[in-house]
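Q: this is a predicted model, with the sequence first.
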Amino acid sequence: MIAKVSVIIPTLNRSHTLGKTLASVQRQTHQNWECLIIDDGSTDDTENTIQRFLNDERFKFIKRKNSQIRGAASCRNIGLELATGDFIQFLDSDDILEKHKFQRQLAISSSNSTILTSKWGKIVFKNGGEQISLYENLPTYRNFNIPQELFKTYAHRFCYLPIHSFLIPKKLIDSSRWNEQLTVNDDGDFMSRIVLKSDKILFCEDTFVLYRRGAGNRLSKSLETPKAYEKFILSWKIMENNLGKNHLLVRIAKRDLYKQISSKYPKLLQNEKAFFADAMPKWEYKLRAHLSKVLDKFQVKLVSIRENDIV
């Protein structure tokens, strides 16, 4: 039986980038997929952009009901309820999949409890055009027979994997849902729960995804207000519960958050004294960050690629 992939794309006013995202799904060499596009209330040309793809019955257009919570997390949950695939591919409406992603990741899948990852890169608007670059030799580019080791790698090397690099068995997600109360780091919370339920993580070096920088109007809100930082703190309280109070990644996150908040909203620190009490000491954070930068300088590369390499 050929595995089916359910692609879940939340979108809000992204008609200028959504077409390329959907085209990257349609170009997949593994053709047994469905693409669920959940509109969060767009007022631009998003619907017309989607309509151009609906002749392909694998694309499904869903409008979030007014009675449902707004936001990317809510839209992804709507997608999960409707998904009929064996694997889930989360994708933002400005990101790009290399055309072999599904085929090559599925080829190394070993069980319905194994998470699959890929390389990733970025698209940056520069000098009047798009510059596409791919990261090479990242410390996350390997298999993890003990899935929890991924979080240690995040911590030791100050790195991460974007959500769209993952291909996740639907049975592993099961009844798990995105936390609709979080507006930042909701992907961190969701993936920490999923990774802890998996039996291993397998890395596919022969494919990649692209993350678009500076496109604006992302559904997951940036840190611009005290309320946003409160949500960010809440997300790490949840992840602390998921990973453990003394987990290195949590302690580093607390120190990083403390540094960001102290100059902007010192009153918020007073309200969260207990949370920040066991944050990583400043000297240790600086030392770890410096060592990570030194290692990155000698190991990690950012390689320019052409658009032809994607399609």
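A: Happy to help now that I have it. Residues are numbered from 1 along each chain as shown.
Q: where do the helices of the stretch 51-200 of the chain begin and end?
A: 72-82, 101-107, 149-157, 170-173, 186-197 (DSSP state H, counting those that start in this stretch).
Q: which secondary structure elements does the shortest one contact?
A: Using 3 or more Cβ pairs under 8 Å, 6 or more residues apart in numbering; DSSP states H and E as the contact test, the elements touching helix 170-173 are strand 87-90, helix 186-197. Yep, even glycine has a C-beta here, placed from its N, CA and C like the rest.
Q: secondary structure element for N242?
A: In the assignment (DSSP states H and E), N242 maps to helix 226-243.
Q: may I have that helix as CSV, with CA atoms only?
A: C-alpha atoms of helix 226-243 as CSV (Å, rounded to 0.1, in the frame of the first residue of the first chain):
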residue,chain,number,x,y,z
PRO,A,226,4.1,42.2,26.9
LYS,A,227,1.2,39.9,26.2
ALA,A,228,3.2,38.1,23.6
TYR,A,229,6.0,37.6,26.0
GLU,A,230,3.5,36.3,28.6
LYS,A,231,2.4,33.7,26.0
PHE,A,232,6.1,32.9,25.3
ILE,A,233,6.7,32.3,29.0
LEU,A,234,3.6,30.1,29.2
SER,A,235,4.8,28.0,26.3
TRP,A,236,8.1,27.3,28.1
LYS,A,237,6.2,26.5,31.3
ILE,A,238,4.4,23.9,29.3
MET,A,239,7.6,22.6,27.7
GLU,A,240,9.2,22.5,31.1
ASN,A,241,6.4,20.2,32.1
ASN,A,242,7.0,18.1,28.9
LEU,A,243,10.8,17.9,29.1
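Q: who's in contact with that helix?
A: By Cβ atoms under 8 Å, 6 or more residues apart in numbering, the residues outside helix 226-243 that reach it are 148, 151, 179, 181-186, 188-189, 192-193, 196, 221-223, 247, 249-250, 253-254, 257, 260-261, 264-265, 268, 272, 275.
Q: doesn't F208 fall inside a strand?
A: Yes. Assessed with DSSP: H, G, I helix; E, B strand; the rest coil, F208 lies in a strand.
Q: contacting residues for the residue lying closest to it once chain neighbours are set aside?
A: The shortest distance from F208 to any non-neighbouring residue, by Cβ to Cβ, 6 or more residues apart in numbering, is to K119 (3.9 Å). Shown in contact with K119 (Cβ under 8 Å, 6+ apart): L134, Y135, E136, L138, Y141, S165, E205, T207, F208, V209.
Q: what's the pLDDT at the nearest residue to D86 once chain neighbours are set aside?
A: Leaving aside its chain neighbours, D86 sits nearest to A3 (4.5 Å; criterion: Cβ to Cβ, 6+ apart). As predicted, A3 sits at a pLDDT of 97.
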